[in-house]
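Novice: can't give you the sequence, but here's the structure:
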């Protein structure tokens with residue numbers, strides 16, 4: 001039986017979700033949040049909440065992509081979600097996992113925090129599709145904003 005059966009649905013939010021599923025290292029989580037905050041400030045003196053709604057609740061610990069998708073609101077307003085799993089938290093680059101919910105449902109790729117800011121900003125205004133970013137990852141599957 002799926003772990004997600006007993007979990008509450010993820011909230012509907014104005015901004016796309018950044019769901020924390022990795023809870024192994026608080027100091028590494030703090031570093032990820034700090035890197036994302038720096039990236040948002042570099043992007044235009046904006047706060048992380050201008051880009052994503054962070055859900056930081058251990059009830060979602062270690063969920064798989066399929067389990068997370070099952071918890072998403074039906075007909076939710078966002079075509080993707082961002083996951084801070086153990087890989088994103090512990091890796092020095094903090095490659096966050098993006099899961100496509102609309103264009104190519106279930107397709108996954110990773111992005112460093114700087115790249116995530118660009119992705120969210122461009123998706124908000126319709127400049128690009130998530131698939132275009134997924135197709136622009138480096139050999140290791142991580143989008144790095146062309147750099």
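Specialist: Structure's in. What do you need? Since the structure is predicted, the reported quantities are computational estimates derived from the model, not experimental observations. Numbers count the residues shown, from 1 in each chain.
Novice: burial count for residue 93?
Specialist: Residue 93 has 18 neighbouring residues, counting by other CB atoms under 10 Å. For glycine as for every other residue, the C-beta is placed from the backbone atoms N, C-alpha and C.
Novice: look up the closest residue to it, ignoring the ones flanking it.
Specialist: Leaving aside its chain neighbours, residue 93 sits nearest to residue 112 (5.2 Å; criterion: CB to CB, 6 or more residues apart in numbering).
Novice: that neighbour and residue 140: what is the separation?
Specialist: Using CB to CB, to the nearest Å, residue 112 is found at 11 Å from residue 140.
Novice: residue 51 now?
Specialist: According to CB to CB, residue 51 and residue 140 sit 23 Å apart.
Novice: who's more crowded, these two?
Specialist: Set residue 51 next to residue 140 and count neighbours by other CB under 10 Å: residue 51 wins out with 23 against 9.
Novice: can you check the pLDDT for the more buried one?
Specialist: We have a pLDDT of 87 for residue 51.
Novice: now residue 83: how far from residue 134?
Specialist: Applying CB to CB to residue 83 and residue 134 gives a distance of 14 Å.
Novice: those two: which is more packed in?
Specialist: Between residue 83 and residue 134, counted using other CB under 10 Å, the more crowded position is residue 83 (24 against 21).
Novice: quick one: low-confidence parts of this protein?
Specialist: Applying pLDDT under 70 to the chain flags residues 1-5, 45, 146-147.
Novice: in it, which spans are strands?
Specialist: Here the chain has its strands, by DSSP state E, at 17-20, 53-55, 80-84, 96-100, 108-111, 142-143.
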